[in-house]
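Peer 1: Structural data only, the sequence is not supplied:
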């Protein structure tokens with residue numbers, strides 16, 4: 001992994017790259033001491049994905065029927081992250097199912113194939129792996 005740091009005034013822009021290029025920009029605003037205000041922090045994250053990586057979220061359930069029910073809820077307008085927090089069996093449920101950026105070879109074959117086949121914003125049909133049934137959404 002390569003770390004590059006560029007100082008911009010009192011703020012730092014940190015870019016970290018490996019096979020995937022992930023650019024995280026963190027900007028911290030400290031109010032004037034004269035105002036007596038408390039410290040405020042604003043964080044902005046931008047994820048750039050190379051052709052060999054994807055960013056995906058998933059909802060892991062035990063059965064194909066549960067996965068199909070998830071898809072029906074999504075088609076009726078329910079929020080993917082909210083459903084993940086409610087139903088997913090994976091610890092990523094705490095992040096709305098977001099698995100972050102990953103490259104080829106990082107996930108089981110069925111999950112990887114489905115993730116890379118999706119366009120950004122698309123949701124998969126149910127995908128079976130040894131962990132259960134997944135509904136996958138490609139985020140980037």
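Peer 2: Here it is on my side, so go on. The structure presented is a predicted model; accordingly, all values stated were derived computationally and were not measured.
Peer 1: Next up, the contacts around residue 61.
Peer 2: Residues counted as contacts of residue 61 (CB atoms under 8 Å, 6 or more residues apart in numbering) are 67, 70, 87-89, 132-135. Any C-beta I mention is one placed from the backbone N, CA and C, and that applies to glycine too.
Peer 1: List the beta-bridge partners for it.
Peer 2: Judged by DSSP bridges, the bridge partners of residue 61 are residue 133.
Peer 1: ok, it to residue 102 distance?
Peer 2: With distances taken as CB to CB, to the nearest Å, residue 61 is found 21 Å from residue 102.
Peer 1: my guess is residue 131 contacts residue 60, does it?
Peer 2: Yes: Residue 131 is within contact range of residue 60, at 6.2 Å (criterion: CB atoms under 8 Å).
Peer 1: what is in contact with those two at once?
Peer 2: Counting by CB under 8 Å, 6+ apart, the residues touching both residue 131 and residue 60 are residue 90.
Peer 1: Tell me which of these two has more neighbours.
Peer 2: More crowded of residue 131 and residue 60, by other CB atoms under 10 Å: residue 60, with 25 against 14.
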